[in-house]
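Participant: Got a predicted structure here, sequence first:
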Amino acid sequence: MVKVVDMGDYIIEMLNITKKFPGVVANDNITLKLKRGEIHALLGENGAGKSTLMSVLFGLYQPDSGEIRKNGQVVKINNPNDANALGIGMVHQHFKLVEIFTVLENIILGVEPSKMGFIQKNEARKKVMELSEKYGLRVDPDAYIEDITVGMQQRVEILKMLYRDNEILIFDEPTAVLTPQEIRELLQIMKGFAREGKSILFITHKLNEIMEVADRCTVLRKGKLIGTVNVKDTTKEELSRMMVGRDISFSVNKKEKKPGKVVLSVRNLNVVSKIHGKNVVKNVSFDVRAGEIVCIAGIDGNGQTEIVNAITGLEKPTSGKIMLNGHDITRASIRERSIRGMSHIPEDRHKHGLVLDYKLEENLVLQRYWQPEFQNRGFIKFDSVRKYAEKLIEKFDIRSGQGPVTIVRSMSGGNQQKAIIAREIDKDHDLLIAVQPTRGLDIGAIEYVHKQLVERRDAGKAVLLVSLELDEVMDISDRILVIYGGEIVGELNPKTTTMEELGLYMSGAKRDVVKEINDAGEE
Amino acid sequence: MQERNSLLNKTKFNLKDITDNSVFSSFLSALLAIFLGLIFGFIVMLVAAPANALTGFRLIVLGGFRRIGDVFYFATPILMTGLSVGFAFKMGLFNIGASGQYTMGMFFALYVGFMWDLPDSIHWIVACIAGFIGGMLWGIIPGLFKALLNVNEVITSIMFNYIGMYLVDMLIQGNSVMYVSDKTRTRYLPAEVQIPSLGIPNSNVNLGIILAIIIGIILYIVLQKTIFGYELKATGYNRFASEYAGMKGKRNIIITMAIAGGLSGLGGAFAILAPSAIAGSSMTYEPINIIAANGFNGIAVALLGNAHPIGTIFSAVFISHIQRGGTLASLVGYKPEIIDVVIAVIIYFSAFSMIMNSAFIGFIKRYFGKGKKDFDDNMDNEIKEAE
Amino acid sequence: MEIVYYLIQNTLPVAIPLLLVALGGMFSETSGVVNIALEGIMLFGAYFGALFVYFVQDLGLNPQTILLLAMLVAAVAGVIYSLLLSFAAVNMKANQVITGTSLNMLIPAVILLFSKMYFNSDGVTTAVNFYIQKIPVLGDIPVIGRMFFQKTYLTVMIGILFLIISTVVFYKTKFGLRLRACGEHPHAADSVGINVYKMRYAGVTISGILGGIGGFFYSVGVMDGNVNGHTGVAGFGFLALAVMIFGQWRPGKIFLASLFFAFLRTLAYSISLIPFLYNLGINQTYYKMLPYVATMVVLAFTSKKSRAPKAEGIPYDKSSR
């Protein structure tokens, strides 16, 4: 059922685009038409083919078949330069900014105004400042990217497009890293661009944002075009059905549960960053009790990573005290923390969570290989490892090509995450730390992860969740700690608070004098 | 049901089982690199002296078979340095310092050989152990720099190659018991310090090669079957994940470099303590400020053997084999350095033979069709990840 | 004071090869390619430079003209040799350290092979005297003239010129900006239409030019115009890498670092001329070890906060975004 609303005056037409990668059809005969001056949303799950389609339009990939037209003329886009020449610009999901360069250098990179090869910075600076003022995109042209906030980095990305006089603007998941207030600001800016006659492609999986700004919406699922609809004629429910292919429940089923004894307690924690030597965690104190999910919410880069690193032992705190089950583990080794009952689903599953070139079974014992169950006088008991792996694979439904001997690198992201969750949950633990456990997963896998986390809580474990997804924060946590600038600026109850309020705390616009937790809570 | 399927699969001949086998694919890439290296050598010979090129080339490829004893004798030190480099490589460390460790091991062995008074029956054994310790000391240093100060081990190892070489030369020149200054070499070692010969006529091949092979097998067992090996490889593949899993990364770096250094040092001891086929003489060391070539040849041996201990045994013998062939090629006018050229070219190609190799295997698969499905499925997932 | 003049006059010809090669390394690494092959590139450049000198030395040309021409030959040789690295690192996505090591091993063997076959020696020996007693006019400036423009080589002046050019290219041109982007965040560079592969080829090629010239200048300033397959360039390529790291991949700091190392080395080889140090009676070998030991000490202090290009050593793959 492909329905396309056809009305003429298209600035960009992508017709019957097919892009195959070895063994997978990332885009299967997809047609997308962008009208002049509209905001056109592109909706789909992770892996639906949105990024591939936009990469084709931006010249990063060549389609295997199909054609692209601009103003009715067939064009060939071989690389980003061609795209740029056609007025197509893109804000990438992961910003493409050189950290050691200044804002100005990043904006002009690739289109530097120059005389005899020498860069004319003053000329460039003037133009950037004009654009910055005109659109209210405040930036400091001489600041280094590594020193500025994520929000400002995004403004730099937008200025990059404006500097190139682009008239077709692609935004790839631009709101993922912003607070609700910043999101509203961005959506206003996008509307402003559209009023000026610029045409916008807006990639997202957030239905609210589509309803708010988009004129039309094209939905992809598993590489196929599901349809293009007028946003004002549709509903969130219909869009989500188109995206997932079935009805999904937005809320997690969660029983009332009374928290038990304190499992993790953090007191006056300070961490100095290894990267730039600044204090990034300031005097943080909190408790996590058995049978509750405590969520640390905040915008990326406000100290969450460092708090978790200090608790899990990956980084040393400069001062403060961390207690697990009444034991001081502030200086304990990672192994000791693990033995004392800490499980950790890490933020970056490829960097920390898995040895990608090891077999699945070897990864499943990564936290336990040294236990007597799996070794005898330093020699690995391969039989036990195999048996254990088979048990976990069955219990947690981990799918892979060759079972226990599959090289993990070849598994899908969702199944890799399942392997980590299986390993961390099956291991004896009282505290589960989960950092962005649903990042990059599709909706089915997200539901699975959420179910597992709630199950842990119901089994009387303490769960510390770090998440950037506000829906996730609101849905599954029992308590929310909001972090801003390395400090806990508020403690909220998800039942009584609103997204708006949460956003105000996250952006630092609002803060409570967080009550001093005294050490009476310790056992 | 699943069990049945897997049983069925076992009985069927499956091309994929072979092409996906990592031992097979590294063997294939090694062969490819050797092939290209030899071709290059042949071209050089053609350019240099076309008339004798074929004869010379045949000597290089086959000549070693006439001197099996020597092939194994000369394989001994490079097998040890090869095991050293390969062992560190499994942990993701590039031990380019095998030369310095080798030289240090040589010096320690010489020192024990000359300066210590020990019963004849154990003198050579103690000298070998001293060599191991000497190399270990020199290997630990880059390990410490890497683990504690985050200094790249490549640069450290190179610097300590030079420091070690100058140091050993100085220490030897300053010791009149060991050094004959008018001959600019060390004295002959007493026979009891020399490693027992295997008794093959006209060859110095000795117990060292047997010991080296046994050490290779032990390393294989350590890497494949023990939790130390598990930790070591995990660290090599992904340092961050190993840290996350509570492995003591820094400690393992230091231990690995110590063992790697010890292996090279033992190689130095095996080389200098080798018996001489000429009665009343022995191996000698010349302190002439040159970095030991056997350390660098160890890199070639390790890479060609894909850092696998058993593979390294074969590649050491192979490299030694063509080196003997190269010596023979000088009979028809080619300089033995031609072999160093061939070896360098082999390393060059083995650095990217994995990519050629996977292209080659992809080619086989496309042609024979079998196993393509699984291959594609894997790719499918990778693409999804990439998105 | 005599000793000060002597040390300065002798430090500069040693510092210049280090400087040039380290600058070469900087260009290569900021484009994203680790260039451990600098040692080999130097030797290759030195050998061809010396070969050229050997073949023209009897034509009666002005020594400084020969030097300039040989420099060009060395640069071309360096470029050709560096292409082997670019090809492996960029097109074949090979391990750059291993490739570099193989290139370092290859070249001494090739030199020995050909020298033994054609010259019946271990290298090539030339007989042109490039030494300049005193540069006209500049050499007469009090103090400074004696320090920098007497008893020196043309290589010093050329080296300083290259330093200035390199600095300007690195910081002020769009080429420099783009090059640095490729070593730091190649995907960002790609997304604004910069061809990362080409830029990496360019970076390595510049290191070929500077490495080749540096090698030849080494043979002029340190080895009296000779090149030998056994001693090669005595680890100068590796020292240059250390200089580059010490200099934090920045031209100005690299210059200072190269002066520091060259001074240590000159000191080590001049012990017998400095009564104070000579009388200490320390074995001269210790002084020979000094530059290497100093490297380690310096790296131990600087590596913790090293600002190496983020993407160096990682083959760029368009598809893995």
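Facilitator: Cool, got the structure.
Participant: switch to C-alpha atoms for all contacts and neighbour counts from now on
Facilitator: Will do.
Participant: helices or strands next to the helix or strand harbouring C:Val4 in the packing?
Facilitator: Assigned by DSSP states H and E, C:Val4 belongs to helix C:2-30. With contacts taken as 3 or more Cα pairs under 8 Å, 6 or more residues apart in numbering or on different chains; DSSP states H and E, helix C:2-30 sits against helix C:38-56, helix C:144-149, strand C:150-152, helix C:154-172, helix C:174-184, helix C:196-221, helix C:236-246, helix C:251-269.
Participant: how about the residues of the stretch 151-300 of chain C near chain B?
Facilitator: C:230-231, C:238, C:241-242, C:285-286, C:288-289, C:292-293, C:295-296, C:299-300 (Cα under 8 Å from any Cα of the partner chain).
Participant: Tell me the secondary structure of the residue nearest in space to the middle of chain B, please.
Facilitator: In chain B, the centroid-proximal residue (Cα atoms, centre = their mean) is B:Gly82; its distance is 1.1 Å. Secondary structure for B:Gly82, judged by DSSP: H, G, I helix; E, B strand; the rest coil, is helix.
Participant: For ChimeraX, what selects the buried ones among the residues of the stretch 151-300 of chain C next to chain B?
Facilitator: To isolate the buried ones among those in ChimeraX, judged by 16 or more other Cα atoms under 10 Å in any protein chain shown, type:
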select /C:230,238,241,242,285,288,289,292,293,295,296,299,300
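Participant: Give me the subset of the residues of the stretch 151-300 of chain C next to chain B lying in helices.
Facilitator: Among these, the ones falling in helices (DSSP state H) are C:238, C:241-242, C:285-286, C:288-289, C:292-293, C:295-296, C:299-300.
Participant: of all the residues in chain C, which ones are close to chain A?
Facilitator: C:172-175, C:177-178, C:181, C:184-185, C:187-194.
Participant: Would you mind pointing out the helix or strand the closest residue to chain B within the stretch 51-200 of chain A falls in?
Facilitator: Per Cα to the nearest Cα, A:Ser51 is where the stretch 51-200 of chain A lies closest to chain B, at 6.5 Å. A:Ser51 is part of helix A:50-57, with elements assigned from DSSP H and E.
Participant: same check, this time on A:His344
Facilitator: strand A:342-345.
Participant: Determine whether any part of the helix or strand that that strand is followed by lies close to chain B.
Facilitator: Using DSSP H and E, the helix or strand that follows strand A:342-345 in sequence is helix A:360-364. No: in terms of Cα under 8 Å from any Cα, no part of helix A:360-364 sits within range of chain B; the closest distance is 8.7 Å.
Participant: after helix A:360-364, next one along is what?
Facilitator: Next element after helix A:360-364 (DSSP H and E): strand A:375-376.
Participant: Let me know the pLDDT of C:Gly229.
Facilitator: On the pLDDT scale, C:Gly229 is placed at 79.
Participant: if we can go back for a sec, output the contacting helices and strands for the helix holding A:Ser51.
Facilitator: Against helix A:50-57 (3+ Cα pairs under 8 Å, 6+ apart) you get strand A:10-21, strand A:24-35.
Participant: now those as JSON lines including distance to chain B, mean pLDDT and mean neighbour count?
Facilitator: Shown next, in JSON lines, are the helices and strands packed on helix A:50-57 (distance: least, Cα to the nearest Cα, whole Å; pLDDT from 0 to 100; neighbours: other Cα atoms under 10 Å in any protein chain shown):
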{"stretch": "strand A:10-21", "distance to chain B": "7", "mean pLDDT": "92", "mean neighbour count": "19"}
{"stretch": "strand A:24-35", "distance to chain B": "5", "mean pLDDT": "90", "mean neighbour count": "22"}
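Participant: can those strands go into CSV with extra columns for distance to A:Cys217?
Facilitator: As requested, the helices and strands packed on helix A:50-57 are exported to CSV (distance: least, Cα to Cα, whole Å):
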stretch, distance to A:Cys217
strand A:10-21, 14
strand A:24-35, 10
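Participant: Any idea which of those gets closest to chain C?
Facilitator: strand A:10-21 (10.1 Å).
Participant: is any part of the closest one close to chain C?
Facilitator: No: judged by Cα under 8 Å from any Cα, strand A:10-21 makes no contact with chain C; its nearest approach is 10.1 Å.
Participant: and that strand, which strands flank it?
Facilitator: Looking at strand A:10-21 with DSSP bridges, its partner strands are strand A:24-35 (antiparallel), strand A:65-70 (antiparallel).
Participant: contact partners of that strand?
Facilitator: By Cα atoms under 8 Å, 6 or more residues apart in numbering or on different chains, the surrounding residues in contact with strand A:10-21 are A:25-36, A:52-53, A:57, A:62-72, A:199, B:380, B:383.
Participant: chain center to it: distance?
Facilitator: Distance of strand A:10-21 from its chain centroid, counting by Cα atoms, centre = their mean, to the nearest Å, is 27 Å.
Participant: on contacts alone, who are the packing partners of the helix or strand where B:Phe318 lies?
Facilitator: Taking DSSP H and E as the criterion, B:Phe318 maps to helix B:309-329. Under the contact criterion of 3+ Cα pairs under 8 Å, 6+ apart, helix B:309-329 touches helix B:53-62, helix B:68-90, helix B:207-225, helix B:293-304, helix B:337-368.
Participant: now that helix, how far from the centre of its chain.
Facilitator: Worked out by Cα atoms, centre = their mean, helix B:309-329 lies 11 Å from the chain centre.
Participant: how near is C:Gly215 to B:Phe240?
Facilitator: 39 Å (Cα to Cα, to the nearest Å).
Participant: Pick out whichever of the two has more residues nearby.
Facilitator: C:Gly215 (38 against 20; other Cα atoms under 10 Å in any protein chain shown).
Participant: residue contacts, that one?
Facilitator: C:17, C:21, C:41-46, C:74, C:233.
Participant: Nearest to A:Asp328 among the residues you listed?
Facilitator: C:Val21 (52.6 Å; Cα to Cα).
Participant: tell me the contacts of the nearest residue to that closest one once chain neighbours are set aside?
Facilitator: In this structure, C:Val21 finds its nearest non-sequential neighbour in C:Gly211, 4.7 Å apart by Cα to Cα, 6 or more residues apart in numbering or on different chains. Neighbouring residues of C:Gly211 by Cα under 8 Å, 6+ apart: C:20-21, C:24, C:38, C:41-42, C:45, C:75, C:78.
Participant: Quick check: phi and psi on the closest residue to A:Glu146 other than its chain neighbours?
Facilitator: In space, and not counting its chain neighbours, A:Glu146 is closest to A:Glu99: 4.9 Å by Cα to Cα, 6+ apart. Main-chain torsions, A:Glu99, degrees, to the nearest 10: phi -60, psi -30.
Participant: Show me which residues of the stretch 301-450 of chain A sit near chain B.
Facilitator: Near chain B, when you scan the stretch 301-450 of chain A using Cα under 8 Å from any Cα, you find A:314, A:333-335, A:338, A:351-358, A:366-367, A:369-370, A:375, A:378-380, A:401, A:409-413.
Participant: Now which of those would you call buried?
Facilitator: By 16+ other Cα under 10 Å, these give A:314, A:333-335, A:338, A:351-358, A:366-367, A:369-370, A:375, A:379-380, A:409-413 as buried.
Participant: buried set for the strand holding A:His344?
Facilitator: A:342-345.
Participant: what's the closest of these to chain C?
Facilitator: Distances from chain C to these, taken by Cα to the nearest Cα, are shortest for A:Ile345, at 23.8 Å.
Participant: what about the closest one, distance to chain B?
Facilitator: 10 Å (Cα to the nearest Cα, to the nearest Å).
Participant: excluding its backbone neighbours, what's nearest that residue?
Facilitator: A:Ile345 sits nearest to A:Ala434 (Cα to Cα, 6+ apart), 4.6 Å away.
Participant: which SSE is that neighbour in?
Facilitator: With DSSP H and E as the test, A:Ala434 turns up in strand A:431-435.
Participant: Give me the sheet partners of that strand and which way each runs.
Facilitator: Counting by DSSP bridges, strand A:431-435 is paired with strand A:342-345 (parallel), strand A:462-467 (parallel).
Participant: Which residues outside that strand are in contact with it?
Facilitator: A:263-264, A:290, A:308, A:341-347, A:424-425, A:461-467.
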